[in-house]
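Asker: Turn this into a model:
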Amino acid sequence: MSPNSSNQSQQSEQVEKIYLPRTSESENLKKIRHTASHVMAMAVQKLFPKAQVTIGPWIENGFYYDFDNPEPFSENDLKTIKKEMAKIINRKLAVIREEVSREEAERRIQEIKEPYKLEILADIKNEPITIYHLGNEWWDLCAGPHLENTSELNPKAIELESVAGAYWRGDETKAQLQRIYATAWESPEQLAEYKRRKEEALRRDHRKLGKELGLFIFSDLVGPGLPLWTPKGTLLRSLLEDFLQQEQLKRGYLPVVTPHIAKVDLFKISGHWQKYKEDMFPLMAEDEAAAALENGFVMKPMNCPFHIQIYKSELRSYRELPMRLAEFGTVYRYEQSGELGGLTRVRGFTVDDSHIFVTPEQLDSEFLSVVDLILSVFNKLQLKNFKARLSFRDRTSDKYIGSDEAWDKAEGAIRRAVEKLGMEHFEGIGEAAFYGPKLDFIFKDALEREWQLGTVQVDYNLPSAERFDLEYVAEDGSRQRPVMIHRAPFGSLERLIGILIEEYAGDFPLWLAPVQARLLPVGDTQLDFAKDVVAKMRALGIRAEVDTSGDRLGKQIRNAEKEKIPVMAVVGAKEVETNTLSIRTRASGELGVIPVDEVVDKMKDAIAKFENF
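Answerer: Take a look at the predicted model:
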């Protein structure tokens with residue numbers, strides 16, 4: 001390695017160590033981003049006097065402001081706005097907090113003729129009303145917090161990123177606004193690291209890589225949030241499903257299949273219709289009268305009520321428990337179009353769902369077994385950077401069903417499990433499902449972004465007399481109520497695949513790659529030999545193929561690298577003569593010439609051990 005490349009490596013390691021807190025984790029960043037958003041809004045109104053400001057909150061990696069402006073903002077406008085912001089910052093304007101009455105705030109808003117502010121004011125329930133001024137030149141309604149002076153902002157740590165359309169109040173029937181997204185940091189070094197991560201995120205973007213690798217597509221005619229899986233993508237899904245099904249069969253899970261739709265009555269009993277209706281697809285009724293009475297069918301948002309019906313189809317004995325019903329069940333949720341994002345937020349997705357019915361005495365041990373399964377799955381997928389969130393209810397909210405006693409017992413079971421396992425964990429108050437608390441696994445990817453993957457939920461409510469009235473016959477002959485565990489190691493199969501594509505940057509481990517080996521014949525005379533080797537590999541379960549394009553070897557290699565094929569085997573005249581393959585792998589580079597049987601044996605062994613070749 002040259003001295004220059006060594007220095008570059010050290011610099012890269014230093015950059016990697018720069019910590020980028022989210023806004024919610026840093027009071028100082030909240031002040032910086034609140035203040036920077038006001039400076040940006042002031043700059044916009046100085047440059048574009050007809051622009052009206054609406055809302056401008058911080059978000060986890062920056063902030064935005066929505067404007068009603070007669071003309072659309074261009075990329076050049078963003079550069080001009082940023083220059084104006086630097087001028088405002090350098091003027092060292094004091095940031096002044098003022099408390100006024102609701103009447104005074106209304107008078108001032110009417111004076112400057114900004115009607116959007118009147119609607120914002122109407123939504124503010126607490127008094128007095130707070131206004132923040134930049135010097136004596138500009139003000140807006142705001143709760144803060146803010147810096148004390150614009151000079152505390154570093155212009156070199158601010159970036160205006162993009163312009164997007166946004167509807168006022170998120171309502172498509174209301175005014176179309178322009179949203180300027182921006183970010184602000186404590187230092188230029190943090191901004192540089194943020195931009196580096198953004199570039200890396202673009203390189204790893206699962207939507208881009210999914211298309212390049214030929215895994216899935218979206219169609220305008222099918223609709224947003226509804227992915228179509230290609231043969232390679234379908235194979236990838238099947239590999240993940242088969243992998244988990246085999247793990248589950250070893251642990252006593254029983255496979256089931258349930259419909260995609262059901263009578264709405266099922267979800268009225270479960271509480272989904274009352275608590276989750278806005279996220280469900282609309283009712284399908286035979287006529288207007290039936291619709292008025294809410295008689296009809298809905299697409300399922302959850303699998304649990306179906307599994308409950310299978311459990312309830314017979315009177316169960318304590319000897320049958322735990323009963324572990326498992327399904328790769330596709331569910332449907334009417335996500336808003338603005339919330340959709342590739343595979344990570346879709347309208348139809350498959351959950352690796354299981355509902356386990358246990359006696360109260362079995363709850364703790366079964367919960368630990370489920371966590372063990374999830375950790376085993378994560379290990380095989382090479383997902384190591386995660387923590388556990390205890391997703392409990394917010395006692396002040398009315399969105400939950402069931403008694404305090406039931407919730408206390410369920411939350412206690414989760415707390416005991418993580419303490420017994422010694423897992424790193426934190427509490428997420430208000431993150432529980434409406435019917436029970438959860439243990440969620442929050443995974444941090446290569447870019448420090450957090451995703452929820454596996455989940456385990458404890459549920460005393462759906463089995464209750466008020467809901468589905470589930471029972472089993474206890475050892476003493478009495479009728480008792482089971483407890484339900486809801487669990488999904490993957491969570492959403494779609495989201496998992498999107499995350500894996502980005503985590504691996506498209507380089508799937510050998511066992512999971514849709515195509516594990518590609519043979520690259522130097523010429524047509526080597527085709528028959530290559531096809532024979534591929535047939536041998538396929539007979540032993542190795543997913544192999546031959547490049548039959550007729551391209552020069554260099555192009556074959558480039559194409560295989562672009563498609564991120566784990567094992568490439570060059571076949572020339574010498575290899576045919578000696579029954580060998582010249583092996584190049586993505587994990588280890590050039591491995592030289594190896595006998596065919598040895599290549600096959602090594603690949604089989606590596607795949608069985610979830611290792612690379």
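
Asker: residue ranges of the helices in the stretch 451-600 of the chain, please?
Answerer: Taking DSSP state H, counting those that start in this stretch to define them, one finds helices in the stretch 451-600 of the chain at 493-504, 527-539, 553-562, 573-578, 596-608.

Asker: Can you add mean pLDDT and distance to Arg102 and give these back as a markdown table?
Answerer: Placement of C-beta: from N, CA and C, glycine included. What follows is those, written out as a markdown table (pLDDT from 0 to 100; distance: least, CB to CB, whole Å):
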| stretch | mean pLDDT | distance to Arg102 |
| --- | --- | --- |
| helix 493-504 | 93 | 44 |
| helix 527-539 | 96 | 75 |
| helix 553-562 | 94 | 62 |
| helix 573-578 | 95 | 83 |
| helix 596-608 | 95 | 69 |
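
Asker: Point out the most buried one among those helices.
Answerer: Ranked by mean neighbour count, the helices of the stretch 451-600 of the chain are led by helix 493-504 with a mean of 23 (mean count of other CB atoms under 10 Å).

Asker: So which elements touch that one?
Answerer: Using 3 or more CB pairs under 8 Å, 6 or more residues apart in numbering; DSSP states H and E, the elements in contact with helix 493-504 are helix 188-204, helix 206-212, helix 231-250, strand 348-358, strand 450-459.

Asker: contacts for it?
Answerer: 201, 204-206, 209-210, 213, 215, 227, 233, 236-237, 240-241, 328, 342-346, 349-352, 381, 383, 443, 445-447, 451, 453, 490, 508, 512 (CB atoms under 8 Å, 6 or more residues apart in numbering).

Asker: Stretch 517-531 too?
Answerer: For stretch 517-531, contacts defined as CB under 8 Å, 6+ apart pick out 533-534, 537, 542-548, 550, 553, 556-557, 560, 565-573, 575-576, 581, 603.

Asker: In PyMOL, select just the buried ones from the contacts of helix 493-504.
Answerer: To isolate the buried members of the contacts of helix 493-504 in PyMOL, using 16 or more other CB atoms under 10 Å:
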select buried, resi 204+205+206+209+210+213+215+227+233+236+237+240+328+342+343+344+345+346+349+350+351+352+381+383+443+445+451+453+490+508+512
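
Asker: which residues of the stretch 301-450 of the chain fall in strands?
Answerer: For the stretch 301-450 of the chain, applying DSSP state E, counting those that start in this stretch gives strands covering 316-317, 323-332, 348-358, 386-392, 425-429, 438-444, 450-459.

Asker: Just put the ones you listed in CSV and tack on mean pLDDT and distance to Phe468.
Answerer: Below are these laid out as CSV (pLDDT from 0 to 100; distance: least, CB to CB, whole Å):
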stretch, mean pLDDT, distance to Phe468
strand 316-317, 97, 13
strand 323-332, 97, 14
strand 348-358, 96, 11
strand 386-392, 90, 23
strand 425-429, 89, 27
strand 438-444, 89, 20
strand 450-459, 88, 11
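
Asker: Of all those strands, which one comes closest to Asp66?
Answerer: strand 450-459 (26.0 Å; CB to CB).

Asker: Number of residues surrounding Met302?
Answerer: 20 (other CB atoms under 10 Å).

Asker: ok, so what distance separates it from Leu470?
Answerer: 16 Å (CB to CB, to the nearest Å).

Asker: Next: Ala530.
Answerer: Taking CB to CB, one finds Ala530 at 58 Å from Leu470.

Asker: Then His133?
Answerer: Counting by CB to CB - His133 and Leu470 are separated by 61 Å.

Asker: hmm, back to that, of all the strands of the stretch 301-450 of the chain, which one is nearest Ile180?
Answerer: strand 450-459 (25.4 Å).

Asker: what angle do that closest one and helix 493-504 make?
Answerer: 140 degrees (axes from the mean of the first three to the mean of the last three CA atoms, to 10 degrees).

Asker: Give me the number of neighbouring residues for the nearest residue to Gly135 once chain neighbours are set aside.
Answerer: With sequence-adjacent residues excluded and distances taken as CB to CB, 6 or more residues apart in numbering, Gly135 is closest to Leu93, at 3.7 Å. Neighbours of Leu93 under the rule other CB under 10 Å: 20.

Asker: per-residue confidence for Leu93?
Answerer: In this model, Leu93 is scored at 95, pLDDT.

Asker: I'd say it and Tyr132 touch.
Answerer: No: using CB atoms under 8 Å, Leu93 makes no contact with Tyr132, being 11.2 Å away.

Asker: For Phe48, which non-adjacent residue is spatially closest?
Answerer: Asn69 (5.6 Å).

Asker: swap that for Leu215, please
Answerer: That would be Gly233: by CB to CB, 6+ apart, it lies 3.6 Å from Leu215.

Asker: Which residues lie in contact with the one you found in this structure?
Answerer: Shown in contact with Gly233 (CB under 8 Å, 6+ apart): Gly210, Gly214, Leu215, Phe216, Ile497, Pro514.

Asker: dump the residue contacts of the third one.
Answerer: Put plainly, it is Leu215. For Leu215, the contacting residues are Trp229, Thr230, Lys232, Gly233, Leu236, Ile497, Ile501, Pro514, by CB under 8 Å, 6+ apart.

Asker: Local confidence estimate at Arg395?
Answerer: 88.

Asker: quick one on the thing from earlier: next, the residue nearest to Gly135: phi, psi?
Answerer: The phi/psi pair for Leu93 (degrees, to the nearest 10) reads phi -80, psi 140.

Asker: now the one 3 residues further on
Answerer: The phi/psi pair for Ile96 (degrees, to the nearest 10) reads phi -110, psi 130.

Asker: Burial check on it, number of neighbours?
Answerer: 15.

Asker: and it, bridged to which residues?
Answerer: His133 (DSSP bridges).

Asker: again, but for Arg324
Answerer: Ile356.

Asker: Would you confirm that it contacts Pro255?
Answerer: No: with contact defined as CB under 8 Å, Arg324 does not count as touching Pro255 (9.9 Å).

Asker: Quickly list what's touching both of the two.
Answerer: If you check Arg324 and Pro255 against CB under 8 Å, 6+ apart, the residues they both contact are Gln248.

Asker: neighbour-wise, which of these two wins?
Answerer: A direct count of neighbours by other CB under 10 Å for Arg324 and Pro255 places Arg324 higher, at 21 against 13.

Asker: Could you dump the helices of the stretch 451-600 of the chain into JSON lines with distance to Thr35 added?
Answerer: Below are the helices of the stretch 451-600 of the chain laid out as JSON lines (distance: least, CB to CB, whole Å):
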{"stretch": "helix 493-504", "distance to Thr35": "33"}
{"stretch": "helix 527-539", "distance to Thr35": "62"}
{"stretch": "helix 553-562", "distance to Thr35": "45"}
{"stretch": "helix 573-578", "distance to Thr35": "66"}
{"stretch": "helix 596-608", "distance to Thr35": "55"}
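
Asker: chain center to stretch 281-298, what's the gap?
Answerer: Centroid displacement of stretch 281-298 relative to its chain, using CA atoms, centre = their mean, to the nearest Å, is 33 Å.

Asker: Can you pull the phi/psi pair for the residue nearest to Phe48?
Answerer: According to degrees, to the nearest 10, Asn69 has phi -130, psi 140.

Asker: any idea of the pLDDT on it?
Answerer: For Asn69, pLDDT reads 90.

Asker: Surely it touches Ala51?
Answerer: Yes: counting by CB under 8 Å, Asn69 does reach Ala51; the two are 4.1 Å apart.

Asker: Mutual contacts of the two, please.
Answerer: Residues touching both Asn69 and Ala51 (CB under 8 Å, 6+ apart) are Val44.

Asker: could you show me where the helices are in the stretch 1-150 of the chain, in order?
Answerer: Using DSSP H, counting those that start in this stretch, helices in the stretch 1-150 of the chain cover 3-16, 27-47, 75-90, 102-112, 115-123.

Asker: does Glu134 really touch Val95, like I thought?
Answerer: Not quite, residue 134 is Leu, not Glu. Yes: between Leu134 and Val95 there is a contact at 6.3 Å, judged by CB under 8 Å.
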